[in-house]
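**Q** I'd like to go over a predicted model; first the sequence, then the structure.
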Amino acid sequence: MKHLSLQQAIAEFVKDGQTLAMEGFTHLIPFAAAHEIIRQGRKDLTLMRMTPDIIYDQLIGMGCVSRMIFSWGGNPGVGSLHRLRDAVEKHWPRPIELDERSHAAMAAAYQAGASGLPFAMLAGFVGSDLPSVNPNIRHIECPFTGQRLAAVPALTPDVGIIHAHLADKAGNVLLRGITGVQKEAAMAAREVIVTVEDVVDELDAPQNSVILPSWVVSAVAKVPGGAHPSYVHGVYDRDNAFYQEWDAISRDRDGFRAWIQEYVLDTGDHAGYLARLGARS
Amino acid sequence: MKHLSLQQAIAEFVKDGQTLAMEGFTHLIPFAAAHEIIRQGRKDLTLMRMTPDIIYDQLIGMGCVSRMIFSWGGNPGVGSLHRLRDAVEKHWPRPIELDERSHAAMAAAYQAGASGLPFAMLAGFVGSDLPSVNPNIRHIECPFTGQRLAAVPALTPDVGIIHAHLADKAGNVLLRGITGVQKEAAMAAREVIVTVEDVVDELDAPQNSVILPSWVVSAVAKVPGGAHPSYVHGVYDRDNAFYQEWDAISRDRDGFRAWIQEYVLDTGDHAGYLARLGARS
Amino acid sequence: MSTPDYTRDEMMTIAASRLMWNGCVCFVGIGLPSAAANLARLTHAPGIVLIYESGTIGTKPSVLPLSIGDEDLAETAECLVAIPEIFTYWLQAGRVDVGFLGAAQIDRFGNLNTTAIGDYHAPKVRLPGAGGAPEIAAHAKETFIMLRQSPRSFVDKMDFITSAGYIGDTEARRKAGARGDGPQKIITDLGVLQPDPQSGELTLTGLFQGISVEDVKAATGWPLAVAESLERIPPPGEEELHTLRQLHARTAEAHKRARKLPY
Amino acid sequence: MSTPDYTRDEMMTIAASRLMWNGCVCFVGIGLPSAAANLARLTHAPGIVLIYESGTIGTKPSVLPLSIGDEDLAETAECLVAIPEIFTYWLQAGRVDVGFLGAAQIDRFGNLNTTAIGDYHAPKVRLPGAGGAPEIAAHAKETFIMLRQSPRSFVDKMDFITSAGYIGDTEARRKAGARGDGPQKIITDLGVLQPDPQSGELTLTGLFQGISVEDVKAATGWPLAVAESLERIPPPGEEELHTLRQLHARTAEAHKRARKLPY
């Protein structure tokens, strides 16, 4: 475990062509890390995430992504992800290959990855057409009952990236509130980058808290506000207005590019991003 | 969920011939419930537990058990479980059928039971003779990689019995410290009995605590000291001396029977058991 | 149709909320289902157990969540669990009484499409995808579907089945391995449809005030079966409407708060 | 043999503790392994990560635990997880560097028996069983085995393989699907054995002070292979012995506390 700046962490651990999982279910989405990946211009990434959300819409729109493994690709509570749709429907700015599953299958596949199993099974996709369009959904039989179950390959990202409340100086990481599949995504990954709101001497967490010990973490980067426009329970709220504004920002290719230029590329880091958004609002 | 006395809960939910899981890994072992099952004279039980421990040694010695699913049957830190050995080696007081697995397989099979899956898989029993003596250990192949994995049937007890720190008036249950496989054993069961140290108005538990909501629980019984000689983190210590004394108590059939008579059968309930032990020590 | 003093969405929400019961364990999505389930909780079913797929169990939000993982859901939950657990110990294990689903398209057997219009590999419209729906549709003891009715949404031939209803008939559903009973109530903005117990074909069984059978037939992309005795569903009661409007007002108020950037 | 001022168990524990390193992730059982791993933590390897199968990760007990789930282990852990997780995300995933095992019997290929002496279905002696051992033996990057050496424990023909070492040879282990490298160090009360890199056969590679090759051969139930150059393992250093004895004294003190019944 090393304490690094986010720039250093992305530069050191995220390479072109890799498979990344950036998780956070509505809560604790690691936006700052995604913006830094855009700034550093990574290409040909395979991205996995249950809900691509705005975070992957941005990476897809910037042409960083060649393949995506996912289960629900909308703008939550708002509508479509226009950059995702443009990539799928019109291949702009580049075609994107989809490995499309369900939430239950994604979650189980992260668990399998974290567990050193080659695949996950679930009583899933019953009567669904998804197995007919995705060769990564197969079936097995229970060796005791003969019951037919769905199977999907384990998810084992090269790099798992999550945002958390706190790390301590040693690099132990604490998550609170809705923890989603972050622990699984992190533990399924070869390298783990964690952005945190703050670094403290001691976590001082209640027993049975959700903690990643320092020795499963590759790098911790302190990035206050690093989940914006997502939220950090007890620290700041979800920027629901931004999620709604994104519909208009992202609907148009040029508008999207201009926004990324102004708020991501032209801001050196996440503090700059927050400052520019703040100046506008 | 109903608040019942332990006597009522066992009388209502535990029947001859059923399959029971009474879990608690060193910590929070539901001894009071086992003693009440002995008092009420249940027979032909199939018991499942990772570590039979003294709790099942007592039930086995009293002839309540016809079959056991388990993974490690010793007296932790002391040596053998003499009643278990006597049943296996000499069929006293009755023969006992064993379905013997490993810890990893037991834990996975509880998870499968709690998950509505018919079996669990694990990269397990590699090179072990256990599959050759247990037809409930089979193998499957990964449909993607061809990797061979072990499979065991899911554990789905008729009744799951656990001991916990607290319940609230509504019947929500809080566990702290080492939580073992209790949540899995409870959720894999058709009916769930929870003995608790105390019942409070509100749990007032930290976020991300281990909680069973009232609607998955059949009955809550307040039994202070209900885990003795096991312990309740932050409430009372493990009675290590008792674990050591058990070696002598249980070595001899008559000595064992006499102990059960004096401390379990002749004490009307768990308060009586604790009082008698206290009078002696 | 006359113009009543409530909207179709209000009627639809209230009709759905009436179908919930006290103690019902309900797996809820965002939007109309969330409004219906919370309305039930605030009126006749205070003991309803709401589960959102974010891992929030037994939650009692003060306002309607905008996202499925709102802080309010976590704050008011009986317990929080990780997402893999929600789909295994809770949904797949059969602990959910009612799974609430929406869709872009539904067919006469209650199959749902939330994936794509047109060819999957070259879609005319790419929809968000499956989310939790295929397994909710399979494992909830029954599913309720809320969907505004029109020939574009109630289609004769569907491009893609994301989540199964009765597939081709109730026997096909059983054979496919579904455990739950499938779509038992389809609540639209015109009335309620229920499956024929034998064939699974959706049948109009209830009409909202001011709606005729012809209205519903015109909004359906296949020749709609109509039950012999049609229920005329009562209009919103005063308390229902008042509670729902207050809930929406509180929600709007909460979500209107000025953006406050972190730091 | 001369009579040194330390016991064989002390030498064995100290020898094992020297094989641990700072940062080593160690899956520990109760008894000698726990003493060895904690001694390493208190001497040369303060950053050792101890995992007990009770779900206590990164634990730093003040005294040696009597059970694998002692309160002290939970109290001093970096984090607590449920037991299914210990065996999946931590052990099976290959996160453990060293798995510590004991046994009633070991054979020349490092296979272990903790199940039964005699026929499994009609055992002469029923042993406790597998516990976590089969999967520790398979998945830890390497395993260390601690076992007092005698012809009864180091047997030529074993009745039952509970946990695999090299089975018949290193190739057999690989073919069976084991991921870890298997038993790399067998620490007895006489010295240390290591597997032949090709055959996997356990070979005497180190002797404690005052022990001869003949002593070890006499305590082994098969014709023991002996390495060409034998290490003469240094006796306990002063700090090692002092720290170990203090640890044992603190442990005895803590466990001697009068029984205090609850309530």
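**A** Alright, I've got the coordinates.
**Q** and the stretch 1-150 of chain A, which of its residues are near chain D?
**A** Neighbours of chain D within the stretch 1-150 of chain A, by C-beta under 8 Å from any C-beta of the partner chain: A:Gln111, A:Ala114, A:Ser115, A:Gly116, A:Leu117. Where C-beta positions appear, they are placed from N, C-alpha and C, glycine not excepted.
**Q** Widest-spaced pair of those residues?
**A** A:Gln111 and A:Gly116 (10.7 Å; C-beta to C-beta).
**Q** Looking at these two, which has the bigger crowd around it?
**A** Using other C-beta atoms under 10 Å in any protein chain shown as the criterion, A:Gln111 and A:Gly116 rank with A:Gln111 on top: 29 against 22.
**Q** is the strand or helix carrying that one up against chain B anywhere?
**A** Using DSSP states H and E, A:Gln111 falls within helix A:103-114. No - judged by C-beta under 8 Å from any C-beta, helix A:103-114 makes no contact with chain B; its nearest approach is 9.2 Å.
**Q** Name the nearest residue to whatever residue of the stretch 151-263 of chain C ends up closest to chain D, ignoring sequence neighbours.
**A** Here the stretch 151-263 of chain C gets closest to chain D at one residue, C:Arg179, 23.2 Å apart by C-beta to the nearest C-beta. Nearest residue to C:Arg179 in three dimensions, chain neighbours excluded: C:His139, at 5.6 Å (C-beta to C-beta, 6 or more residues apart in numbering or on different chains).
**Q** Is that neighbour in contact with C:Gly99, as I believe?
**A** Yes - contact criterion C-beta atoms under 8 Å: C:His139 and C:Gly99 qualify, at 7.5 Å.
**Q** right, is stretch C:42-59 up against chain D?
**A** No - Stretch C:42-59 stays clear of chain D (C-beta under 8 Å from any C-beta), getting no nearer than 15.2 Å.
**Q** what separates that stretch from the chain centre, distance-wise?
**A** From the chain centre to the centre of stretch C:42-59 is a distance of 14 Å (C-alpha atoms, centre = their mean, to the nearest Å).
**Q** Next, the buried residues of that stretch.
**A** C:42-43, C:45, C:48-59 (16 or more other C-beta atoms under 10 Å in any protein chain shown).
**Q** end to end, how far does that stretch reach?
**A** 13 Å (C-alpha to C-alpha, to the nearest Å).
**Q** quick one: low-confidence parts of the stretch 151-263 of chain C?
**A** For the stretch 151-263 of chain C, applying pLDDT under 70 flags no range at all.
**Q** returning to what we had before: who touches both of C:His139 and C:Gly99?
**A** Taking C-beta atoms under 8 Å, 6 or more residues apart in numbering or on different chains as the criterion, C:His139 and C:Gly99 both touch C:Leu91, C:Gly180.
**Q** between these two, who's got more neighbours?
**A** Taking other C-beta under 10 Å, C:His139 and C:Gly99 do not tie; C:Gly99 has more neighbours (30 against 27).
**Q** neighbours of the closest residue to that one other than its chain neighbours, just the number please.
**A** Nearest residue to C:Gly99 in three dimensions, chain neighbours excluded: C:Ala140, at 3.0 Å (C-beta to C-beta, 6+ apart). Counted with other C-beta under 10 Å, the neighbours of C:Ala140 add up to 28.
**Q** can I assume C:Ala140 is in contact with C:Asp97?
**A** Yes - using C-beta under 8 Å, C:Ala140 is in contact with C:Asp97, at 7.1 Å.
**Q** hang on, the earlier thing: could I get the contacting residues of the residue nearest to C:Gly99?
**A** C:Phe27, C:Leu91, C:Val96, C:Asp97, C:Val98, C:Gly99, C:Gly180.
**Q** Helix, strand, or coil at A:Ser128?
**A** With DSSP: H, G, I helix; E, B strand; the rest coil as the basis, A:Ser128 sits in coil.
**Q** ugh, typo on my part, it should be A:Val192
**A** strand.
**Q** dump the residue contacts of it.
**A** A:Val159, A:Gly160, A:Ile161, A:Ile162, A:Ala186, A:Leu212, A:Val216, A:Val217, A:Ser218, A:Ala219.
**Q** before we move on, what about C:Arg257?
**A** A:Asp237.
**Q** which phi and psi does it have?
**A** With angles defined as degrees, to the nearest 10, C:Arg257 sits at phi -50, psi 140.
**Q** and the gap between it and chain B?
**A** As judged by C-beta to the nearest C-beta, to the nearest Å, C:Arg257 and chain B stand 23 Å apart.
**Q** measure that residue to C:Pro65 for me?
**A** To C:Pro65, C:Arg257 is 15 Å away according to C-beta to C-beta, to the nearest Å.
**Q** What of A:Arg176?
**A** A:Arg176 is 18 Å from C:Pro65, by C-beta to C-beta.
**Q** quick one on the thing from earlier: so which of the contacts of C:Ala140 is the most crowded?
**A** C:Gly99 (30 neighbours).
**Q** returning to that earlier point: looking at the buried residues of stretch C:42-59, which is nearest A:Gly73?
**A** C:Glu53 (15.3 Å).
**Q** All the strands of the stretch 151-263 of chain C, in order from the start?
**A** Per DSSP state E, counting those that start in this stretch, the stretch 151-263 of chain C carries strands over the ranges C:183-187, C:191-195, C:202-207, C:225-232.
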